[in-house]
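Enquirer: Have a look at this fold, sequence not included:
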């Protein structure tokens, strides 16, 4: 078992931090945290709902870093249209982990994100979601910002569908 290095929690990590935590190449954006008691279920391992919260906790700073939204007036409304997770190995109280995300592909007003969670250098869960970019009315599709597309392609190597 790999012992995960001390990492700053809830702060976007550098590529060096990600590599030190056992995250494979290809993931550019991630944050570290620790499993808390309230995230456990009756079987004493992380409840499936916690993984979706971890994905969301990473998604919001990703949106800001990739020029999608800072949740200010005039910013697009970003809506998760689908969300899925696959659990590879259980996680337990006090375990340190890194959640990573990237955009795999995009269209004119939507994009597909991928997630992975690594605990002690071992893949624990994966997931993906489709996010749709809407106008402030939350009904009309809005084209993705050019700066976001540039970030998707240059940082994540995303492809246009």
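Expert: All right, it came through fine. Since this is a predicted model, take the numbers as computed values, not measurements. Residues are numbered from 1 along each chain as shown.

Enquirer: The nearest residue to residue 39 once chain neighbours are set aside: which element?
Expert: Counting by C-beta to C-beta, 6 or more residues apart in numbering, residue 50 is the residue found nearest to residue 39 once chain neighbours are left out, at 4.0 Å. Where C-beta positions appear, they are placed from N, C-alpha and C, glycine not excepted. In the assignment (DSSP states H and E), residue 50 maps to helix 48-65.

Enquirer: Mind listing what's buried along that helix?
Expert: Judged by neighbour count using 16 or more other C-beta atoms under 10 Å, the buried positions of helix 48-65 are 50-52, 54-55, 58-59, 62-63.

Enquirer: just to revisit the earlier point, pretty sure the residue nearest to residue 39 contacts residue 33?
Expert: No - with contact defined as C-beta atoms under 8 Å, residue 50 does not reach residue 33; the gap is 10.4 Å.

Enquirer: does residue 124 really touch residue 117, like I thought?
Expert: Yes - applying C-beta under 8 Å as the test, residue 124 and residue 117 come out as touching, 4.7 Å apart.

Enquirer: Can you tell me the closest non-neighbouring residue to residue 19?
Expert: That would be residue 25: by C-beta to C-beta, 6+ apart, it lies 7.8 Å from residue 19.

Enquirer: Can you tell me how far the one you found is from residue 108?
Expert: According to C-beta to C-beta, to the nearest Å, residue 25 stands 29 Å off from residue 108.

Enquirer: Which one of the two is surrounded by more residues?
Expert: residue 108 (13 against 8; other C-beta atoms under 10 Å).
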